[in-house]
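**Q** How does the following fold in three dimensions:
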Amino acid sequence: MKKQLLLLLLSFTSLLSYGQIDGINIFSSLSGFRNVGYEDNLFTNAEIGVGFLSNSRFSPEMSIGYLGASPDTQIRVVTRDGSALEQQVKSQVRGLLLNAGLVTRLTKRESIWLYTLTNVSFAANTTFKSRLFEGDNLNNLPLRETITERDNSVFFNIGLGVEGFIDEDEKWSASLVLVYTTFDVFNNFKDFKFEDSDTNLALPSNGGLGLRFLIRYHL
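**A** This next block holds a predicted model:
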């Protein structure tokens, strides 16, 4: 993991050293996604990165980011020793992202332009955590069990965006992108099994649809 992060940082440095020639830009973005199979599920990621060849139609970019997700809370009633008890499962996902992608401009780079985004993301050392609460009062359930696992995964994102300059010198631009991601929030939870309960996390696999807001500075 450290080697991969070092290589990415070295790549950033190398690209920036050619900023005057290759149209380097630095960007920061915030994305929010809703899993297409659930109503109350949101996962987000924040990124900082660099793009180059921004004056051409095809502009590669690289970034590092942080992913956070909270899959649906599950609530059910179980019977234990003749008593009805409430069970609640709360889960979360946290991880570092390494991203590489390509921006393809669809219209001329004027005050506003359209583009497509395709990239691949490596979620490194991602933490998947689920907690089982159980008791007779849903508003104050004691913690019964916790499961935590770590894993790496690769997923893809595709998007359609609009971008435009926000200053007279055309140094700053802002962008909004509609993005579909293949990241499966639930994939690593499918093998989770609580020892003291028959409750499991066998959830269907779904991608996510979301929005990405981006601010870019052109060197």
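**Q** Skipping adjacent residues, who's closest to Pro142 in space?
**A** Excluding the flanking residues, the one nearest Pro142 by C-beta to C-beta, 6 or more residues apart in numbering is Gly135, at 5.4 Å. Quick note: C-beta positions are derived from backbone N, CA and C, even for glycine.
**Q** For the one you found, give me the pLDDT.
**A** For Gly135, the model assigns a pLDDT of 78.
**Q** So for stretch 147-160, what gets flagged as buried?
**A** The neighbour-count check on stretch 147-160 (16 or more other C-beta atoms under 10 Å) flags 147, 155, 157, 159 as buried.
**Q** quick revisit: next up, the contacts around the residue nearest to Pro142.
**A** By C-beta atoms under 8 Å, 6 or more residues apart in numbering, Gly135 lies in contact with 85-86, 141-142.
**Q** For it, name its beta-bridge partners.
**A** Gly135 has the following beta-bridge partners by DSSP bridges: Glu86.
**Q** how close does it get to Glu168?
**A** As judged by C-beta to C-beta, to the nearest Å, Gly135 and Glu168 stand 61 Å apart.
**Q** what do you get for Ser153?
**A** For Ser153 relative to Glu168 (C-beta to C-beta), the value is 43 Å.
**Q** What average pLDDT does stretch 54-69 get?
**A** For stretch 54-69, the per-residue pLDDT averages 89.
**Q** Mind putting the buried residues of stretch 147-160 into JSON lines with distance to Asn125 and pLDDT?
**A** Listed next are these as JSON lines, based on distance: C-beta to C-beta, whole Å; pLDDT from 0 to 100:
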{"residue": "Ile147", "distance to Asn125": "17", "pLDDT": "84"}
{"residue": "Phe155", "distance to Asn125": "15", "pLDDT": "89"}
{"residue": "Asn157", "distance to Asn125": "20", "pLDDT": "93"}
{"residue": "Gly159", "distance to Asn125": "26", "pLDDT": "95"}
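**Q** now those residues as CSV including secondary structure and distance to Glu47?
**A** Output for the buried residues of stretch 147-160, formatted as CSV (DSSP: H, G, I helix; E, B strand; the rest coil; distance: C-beta to C-beta, whole Å):
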residue, secondary structure, distance to Glu47
Ile147, strand, 29
Phe155, strand, 14
Asn157, strand, 11
Gly159, strand, 13
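**Q** I'd like to know which of those is nearest to Lys193.
**A** Using C-beta to C-beta, Ile147 comes nearest to Lys193 of the buried residues of stretch 147-160, at 7.9 Å.
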